[in-house]
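Q: Build me a model:
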Amino acid sequence: MRHLQIKHLTTYQYTDTVTLLPHKLLLRPRERHDVRIESAELIIAPAHQLKWHRDVYDNAVAQVAFLEPGKSLSIESRVLIQHYDDQPLDFLVADYAVFFPFQYDASERGDPGLYLSTLFDRDSAVLNTWLRQFWETGQVVETYLLLEWINKAIATGFTYQQREEPGVQTPAATLTKRAGSCRDFATLFIDACRFLGLAARFVSGYLYSPLLPLGQGATHAWAEVYLPGAGWKGFDSTSGQIVGNDHIAVAVSRHPESVPPVAGSFTAAANAGPASSIMNVVVEVAEIPV
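A: Here you go, the predicted model:
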């Protein structure tokens with residue numbers, strides 16, 4: 001079991017006093033049988049009202065309505081979790097899905113069926129060409145091995161680049177550039193899986209790495225594939241590893257652009273000129289001795 005403390009601070013400094021419109025926050029980790037939240041706190045300024053709800057993906061969403069204007073905005077999340085997924089390869093796939101290709105059983109076609117349509121249909125031909133190195137029509141291969149080959153090929157064959165621009169690259173763009181961010185690699189992996197008929201979804205969250213200086217961490221993105229008998233299993237195409245207790249999932253979605261940690265807008269005063277903002281984000285993920 002890993003005991004992890006996550007601190008995520010997002011600040012905005014505005015060039016003038018602004019009216020902050022409602023903000024949507026996805027900062028609380030997803031609880032499940034192997035992830036337990038010990039404590040969680042949101043510290044937000046200026047004055048506000050906070051309401052929680054679960055969205056269609058069962059993500060914990062904080063809705064913030066601000067009560068006063070301001071020249072700055074600060075959103076700090078402090079969370080302490082217990083993470084028990086220290087054996088991520090300890091799972092069994094249902095007999096009928098051990099080898100690929102397979103068709104999802106009728107009882108499995110409900111929710112996973114939402115994650116079978118490719119995100120970028122126009123990239124299908126490019127994906128098909130790239131995927132032939134792993135599988136061709138008529139071949140039979142172990143399902144997990146196929147996923148591992150694709151996952152590791154992205155991690156080893158592409159160059160990681162941190163991108164500040166919003167949104168994600170299309171799979172075709174990532175394949176052409178042979179480079180991208182963790183979001184781009186996850187998107188390529190997801191569309192590759194969906195092209196093959198495997199249900200896959202996007203995950204945003206945090207990554208703990210003991211190789212980073214003490215206390216530092218990062219927001220991160222990866223993919224999950226639905227494997228009958230095992231459920232949703234995470235694959236990190238940035239590292240080429242299967243997801244374990246160093247990954248902390250916060251939000252899942254069908255589309256990678258729908259789950260940013262902080263989303264919202266502002267308006268300038270009527271008698272003021274256009275206002276702009278400077279954003280700063282600091283993330284710390286530390287292991288706490290048990």
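
Q: I'd like to know which elements the longest strand seen in the chain is packed against.
A: The strand spanning the most residues in the chain, taking DSSP state E as the definition, is strand 2-20. Under the contact definition 3 or more CB pairs under 8 Å, 6 or more residues apart in numbering; DSSP states H and E, strand 2-20 sits against strand 70-83, strand 266-268, strand 277-287. Where you see a C-beta, it was placed from the backbone N, CA and C, and this is true even at glycine.

Q: Where does the prediction get shaky in this structure?
A: The model of the chain has pLDDT under 70 over residues 110, 212-217, 269-273.

Q: All the strands of the stretch 151-290 of the chain, residue numbers only.
A: With DSSP state E, counting those that start in this stretch, the ranges of strands along the stretch 151-290 of the chain come out as 159-160, 179-180, 200-207, 218-227, 231-236, 241-242, 247-253, 262-263, 266-268, 277-287.

Q: Out of the ones you listed, flag the one nearest residue 7.
A: Residue 7 sits nearest to strand 277-287 of all those, at 4.4 Å, using CB to CB.

Q: which parts of that closest one are buried?
A: By 16 or more other CB atoms under 10 Å, the buried positions in strand 277-287 come out as 283, 284, 285, 286, 287.

Q: I'd like these as JSON lines, with distance to residue 161 appended.
A: Listed next are the buried residues of strand 277-287 as JSON lines, based on distance: CB to CB, whole Å:
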{"residue": "283", "distance to residue 161": "19"}
{"residue": "284", "distance to residue 161": "23"}
{"residue": "285", "distance to residue 161": "22"}
{"residue": "286", "distance to residue 161": "26"}
{"residue": "287", "distance to residue 161": "28"}
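
Q: Identify the residues contacting the spatially most central residue of the chain.
A: Among the residues of the chain, the one closest to the centroid is residue 204, at 1.7 Å (CA atoms, centre = their mean). The contact partners of residue 204, by CB atoms under 8 Å, 6 or more residues apart in numbering, come to 26, 219-221, 249-253, 256, 259-261.

Q: Which strand residues bridge it?
A: With DSSP bridges as the criterion, residue 204 is bridged to residue 221, residue 251.

Q: now it: how far from residue 176?
A: Distance of residue 204 to residue 176, computed by CB to CB, to the nearest Å: 25 Å.

Q: Tell me how many other residues crowd residue 47.
A: For residue 47, the count of nearby residues is 9 (other CB atoms under 10 Å).

Q: Just give me the neighbour total for residue 24.
A: 15.

Q: swap in the one 4 residues further on?
A: Burial measure for residue 28: 19 neighbouring residues, criterion other CB under 10 Å.
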